[in-house]
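S.K.: the following comprises the amino acid sequence and a computationally predicted model.
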Protein chains: 2
Amino acid sequence: MRELKVELGERSYPIYIGEGLLQDVSSYFIKHGISSKSPLLIISNEHVAPHYLPQMEEQLKQAGFTVATAVVPAGESSKSIAQFEKLITVALEAGLDRHSTIVALGGGVVGDLAGYVAAAYMRGIRFVQIPTTILAHDSSVGGKVAVNHPLAKNIIGAFHQPEMVLYDLNTLQTLPPRDVRSGLSEVVKHGLIWDAEFVDWIDEHADQLLALDPEALGYALYKGCSVKASVVSQDERENDLRAILNLGHTIGHALEAVAKYNELLHGEAISIGMVGAAKLGVQLGASEEVYTVTKRVLKRCELPVRLPAHLDVDAIMEAMMHDKKFKEGKMVYIVPTGIGEVEINKSVSAAQVRAIVEQLKEEA
Amino acid sequence: MRELKVELGERSYPIYIGEGLLQDVSSYFIKHGISSKSPLLIISNEHVAPHYLPQMEEQLKQAGFTVATAVVPAGESSKSIAQFEKLITVALEAGLDRHSTIVALGGGVVGDLAGYVAAAYMRGIRFVQIPTTILAHDSSVGGKVAVNHPLAKNIIGAFHQPEMVLYDLNTLQTLPPRDVRSGLSEVVKHGLIWDAEFVDWIDEHADQLLALDPEALGYALYKGCSVKASVVSQDERENDLRAILNLGHTIGHALEAVAKYNELLHGEAISIGMVGAAKLGVQLGASEEVYTVTKRVLKRCELPVRLPAHLDVDAIMEAMMHDKKFKEGKMVYIVPTGIGEVEINKSVSAAQVRAIVEQLKEEA
Ligand SMILES: NC(=O)c1ccc[n+]([C@@H]2O[C@H](COP(=O)([O-])OP(=O)(O)OC[C@H]3O[C@@H](n4cnc5c(N)ncnc54)[C@H](O)[C@@H]3O)[C@@H](O)[C@H]2O)c1
Ligand SMILES: NC(=O)c1ccc[n+]([C@@H]2O[C@H](COP(=O)([O-])OP(=O)(O)OC[C@H]3O[C@@H](n4cnc5c(N)ncnc54)[C@H](O)[C@@H]3O)[C@@H](O)[C@H]2O)c1
Ligand SMILES: [Zn+2]
Ligand SMILES: [Zn+2]
């Protein structure tokens, strides 16, 4: 079992990563002072719940917790205001009070949604992240929680840190292969922004990761979470540094929106976006290697690097205008300057980005 | 012009109270660093907007601000998730970015709603409170923002402090008399929890207050805001002390809910609630004076002290169970121990409260 800490003063919390941690879920809850006098609400989705929810619920009840559960439909469309409102109703009907805890059992969708419910309910109650996807090594750490609006992703949200992150690697065994690959995209991102050696390591261990080898997975998720935790500790509310976590996301979010949040998974969209960022980096003076290595590692992880031809470039640019990474009209762009290092470039023009997006249709 | 400060470290902000402040609204905005490079959104309601919005919008535009506006229907029903979602759409369509500011021009409903939009939009942007009711001397200070759920009031919200509170006493001249009285209820509350002398002062000046005499109003709102600011500075997130601001609110919120948020105004409901709290205080050992003075001052302000006979006691108790002031099953109750002082009593039983609620139907 590996353990990490997100250092945020009185909001600090641990990340536990290991095999079989869910077998001890009640001990972790008790250790971290989760109250058994107030009801808990576990939020999961219809793919995850059948595998892991009944045992977890049973164990917590045995340990004296009062447990309510809510199972939402799978997929990004659950990160909606409508679903948010339904869960608030569930929380009220289950009698959650100010001392209650909401538990997110699932991937990034469940984590972001449940986290926002916890942030808003009674102006904020505690929550625990139990990530069950690889991608969620990213989403479960750092306290960004949100739901989507039809016009823009993650636009309605809060900063609300969990009490702990409990990462049971065994749950990843049931993850569909496409989601395994999508999740690796954020692992690669954490290497690309922070740690060149880790990028090499992924390059060499991509096969083990794709095969869900527990040893390789445990190490990769530990490294990925470490990068995320370091960045968040230095800049919780994204005043500056934290923006580097958006590598690949300016284009990526726009692609997800234009593809109506159903054609491209988040990790796939940002994989294409990271190739775009690497191209921009090279244009702005970084070594050609930045582009070739970025692309090679992503392909090793069987991630897409080419923009699907039918996605309309005008629509992509329009979606970008609605996104958050703008500062008084100018585009803020995370640009690689080498492998394992990026800069926050505040003077990238829309025309430059448009040219890159067009070229992304030609990647092979 | 009177000025006050809410001391909250890096989240500190000023409260300006005076006649005609809106004539200088753009100077206040510039002085407080409200960016004119990013669009502003002013949120108001259909009663307030016709009186004050056009001039304000015009002046801000003259000063170089880009201004969008949204006018919501009057009344508590605008504090809904549906209205919240509409305003997020407006903000997106107006191109608000992370450096934008949302301005609440109105009473507590507009302040709570607009504040929650500001708290959630892009995980939190800046906002300014421009209160136009007496009640809003309370709601505009302290950063509690929220919308309602059909099952419970203010259940969906955040702590999100404004950049400043700009209180133009002139706007109060158009306030309907019933809202004048309702607002005075929270002024009385601030006296009852903190400042016996101020309670005497209200007792003596109720007529001037009801007649909207600017000198009396300015003083009363300054005193009321001072109490609120002191309490909030000591306990921003209601871990303990801040709970005293809920004097009268345990019963009050339940009455509002049972009266379907249309029969009783907030201040009227808590007026009845404060009489209930005073009765409970006397039962628990406070001097009889606590009850007689509380009731006398509220009646001087022409506020109701008797529970309308047709409101069902079972329904009121049920609504209370859904409210927030419970700690692990027990009821937390703010009980006067004298005039100008209260205690946070954590062992009041539902049966005691029920008896009080029943007696409130007999008040005269
Ligand atoms: N908050 C943040 O900082 C942050 C960071 C990155 C991504 N995100 C968000 O994360 C979301 C994407 O996360 P995701 O990729 O985990 O998506 P997801 O939650 O939709 O999970 C992916 C798919 O796998 C299924 N699944 C999850 N765990 C499973 C398991 N153990 N076994 C079988 N099936 C399982 C899910 O039902 C879903 O169909 C996006 O909404 C994105 O915006 C947030
Ligand atoms: N956030 C907090 O800490 C806090 C504290 C107390 C109350 N509140 C909330 O405040 C709300 C009640 O506030 P309120 O009493 O100001 O209600 P309100 O905003 O509904 O205003 C009362 C009425 O007066 C009208 N009005 C407002 N200003 C006017 C003006 N200058 N001229 C003419 N008409 C005007 C409004 O349209 C409305 O009809 C409740 O929702 C309550 O929950 C919040
Ligand atoms: Zn991401
Ligand atoms: Zn109130």
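M.R.: Ah, there it is. Residues are numbered from 1 along each chain as shown, chains lettered A, B, ... in the order given. Ligands and ions are numbered 1, 2, ... in the order given.

S.K.: tell me the spacing between the residue nearest to the spatial centre of chain A and residue A:111.
M.R.: What sits nearest the mean C-alpha location of chain A, by CA atoms, centre = their mean, is residue A:139, with 2.7 Å. As defined by CB to CB, to the nearest Å, residue A:139 lies at a distance of 5 Å from residue A:111. All C-beta spots, glycine's among them, are computed from the backbone N, C-alpha and C.

S.K.: residue numbers of the stretch 251-364 of chain A in contact with ligand 1?
M.R.: When proximity is defined by CB under 6 Å from any ligand atom, the stretch 251-364 of chain A lies next to ligand 1 at residue A:266.

S.K.: now the helices for the stretch 251-364 of chain A?
M.R.: All helices of the stretch 251-364 of chain A, identified by DSSP state H, counting those that start in this stretch, fall at A:266-283, A:288-300, A:313-321, A:350-360.

S.K.: so which of those helices is nearest residue A:152?
M.R.: For the helices of the stretch 251-364 of chain A, proximity to residue A:152 was assessed by CB to CB; helix A:313-321 is nearest, at 7.9 Å.

S.K.: okay, the angle between the closest one and helix A:350-360?
M.R.: Calculated by axes from the mean of the first three to the mean of the last three CA atoms, to 10 degrees, helix A:313-321 forms an angle of 130 degrees with helix A:350-360.

S.K.: quick one: residues contacting the residue nearest to the centre of chain A.
M.R.: For residue A:139, the contact set (CB atoms under 8 Å, 6 or more residues apart in numbering or on different chains) comprises A:107, A:108, A:111, A:112, A:131.

S.K.: ligand 2: which of those residues is nearest?
M.R.: Using CB to the nearest ligand atom, residue A:112 is the member of those that lies nearest ligand 2, at 26.5 Å.

S.K.: give me the nearest residue to residue A:51, chain neighbours excluded.
M.R.: residue A:174 (5.4 Å; CB to CB, 6 or more residues apart in numbering or on different chains).

S.K.: so which of the helices of the stretch 251-364 of chain A is the most packed in?
M.R.: helix A:266-283 (a mean of 26; mean count of other CB atoms under 10 Å in any protein chain shown).

S.K.: where does the stretch 201-350 of chain A dip in pLDDT?
M.R.: Across the stretch 201-350 of chain A, the ranges flagged by pLDDT under 70 are A:323-330.

S.K.: what are the boundaries of the strands in it?
M.R.: With DSSP state E, counting those that start in this stretch, the ranges of strands along the stretch 201-350 of chain A come out as A:326-327, A:330-338, A:341-348.

S.K.: out of those strands, which one sits most buried?
M.R.: Greatest average neighbour count among these goes to strand A:330-338 (a mean of 20), per mean count of other CB under 10 Å.

S.K.: which other helices and strands does it contact?
M.R.: helix A:249-258, helix A:266-283, helix A:288-300, strand A:341-348, helix A:350-360 (3 or more CB pairs under 8 Å, 6 or more residues apart in numbering or on different chains; DSSP states H and E).

S.K.: using CSV, write out every CA atom in the second one.
M.R.: The C-alpha atoms that make up helix A:266-283 are tabulated as CSV, following Å, rounded to 0.1, in the frame of the first residue of the first chain:
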residue,chain,number,x,y,z
HIS,A,266,-12.1,12.9,-21.9
GLY,A,267,-8.7,11.2,-22.0
GLU,A,268,-9.0,10.7,-25.8
ALA,A,269,-9.9,14.4,-26.4
ILE,A,270,-7.0,15.6,-24.3
SER,A,271,-4.6,13.1,-26.0
ILE,A,272,-5.3,14.9,-29.3
GLY,A,273,-5.1,18.2,-27.4
MET,A,274,-1.7,17.3,-26.0
VAL,A,275,-0.4,16.6,-29.5
GLY,A,276,-1.7,20.0,-30.5
ALA,A,277,0.0,21.6,-27.5
ALA,A,278,3.3,19.9,-28.4
LYS,A,279,3.1,21.2,-32.0
LEU,A,280,2.5,24.7,-30.7
GLY,A,281,5.5,24.2,-28.3
VAL,A,282,7.7,23.3,-31.2
GLN,A,283,6.4,26.2,-33.2
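
S.K.: what angle do it and helix A:288-300 make?
M.R.: Using the same axes, to 10 degrees: helix A:266-283 against helix A:288-300 is 160 degrees.

S.K.: so helix A:266-283 versus helix A:249-258, what angle?
M.R.: With the same axes, to 10 degrees defining the directions, helix A:266-283 sits at 140 degrees from helix A:249-258.

S.K.: residues contacting the closest residue to ligand 1 within the stretch 251-364 of chain A?
M.R.: At 4.4 Å from ligand 1, residue A:266 is the closest residue in the stretch 251-364 of chain A, using CB to the nearest ligand atom. Shown in contact with residue A:266 (CB under 8 Å, 6+ apart): A:76, A:108, A:135, A:182, A:185, A:252, A:256.

S.K.: now for these: which two are most distant?
M.R.: A:76 and A:185 (15.2 Å).

S.K.: of these two, which one has the most company?
M.R.: Counting neighbours by other CB atoms under 10 Å in any protein chain shown for residue A:76 and for residue A:185 shows that residue A:185 has the greater number, 27 against 18.

S.K.: any idea how far that one lies from chain B?
M.R.: 23 Å (CB to the nearest CB, to the nearest Å).

S.K.: do you know how far the closest residue to that residue other than its chain neighbours is from residue B:238?
M.R.: Among residues not flanking residue A:185 along the chain, residue A:267 sits closest, at 3.3 Å (CB to CB, 6+ apart). Going from residue A:267 to residue B:238 by CB to CB gives 39 Å.

S.K.: sorry, back to before: for residue A:272, see how far away the residue of the stretch 251-364 of chain A closest to ligand 1 is.
M.R.: The gap separating residue A:266 from residue A:272 is 11 Å, by CB to CB.

S.K.: pick out the residue of the stretch 101-250 of chain A closest to ligand 2.
M.R.: residue A:123 (10.1 Å).

S.K.: wait, that residue touches residue B:142, no?
M.R.: No - taking CB atoms under 8 Å as the definition, residue A:123 is not a contact partner of residue B:142, at 11.5 Å.

S.K.: possible to save the contacts of residue A:139 as a markdown table with neighbour count, pLDDT and secondary structure?
M.R.: Formatted as a markdown table, these follow (neighbours: other CB atoms under 10 Å in any protein chain shown; pLDDT from 0 to 100; DSSP: H, G, I helix; E, B strand; the rest coil):
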| residue | neighbour count | pLDDT | secondary structure |
| --- | --- | --- | --- |
| A:107 | 28 | 97 | coil |
| A:108 | 27 | 97 | helix |
| A:111 | 30 | 98 | helix |
| A:112 | 26 | 98 | helix |
| A:131 | 30 | 98 | strand |
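
S.K.: among those residues, which are in reach of ligand 1?
M.R.: Near ligand 1, by the rule CB under 6 Å from any ligand atom, you find A:107, A:108, A:112 out of the contacts of residue A:139.

S.K.: of these, closest to chain B?
M.R.: The shortest approach to chain B among these belongs to residue A:112, at 11.3 Å (CB to the nearest CB).
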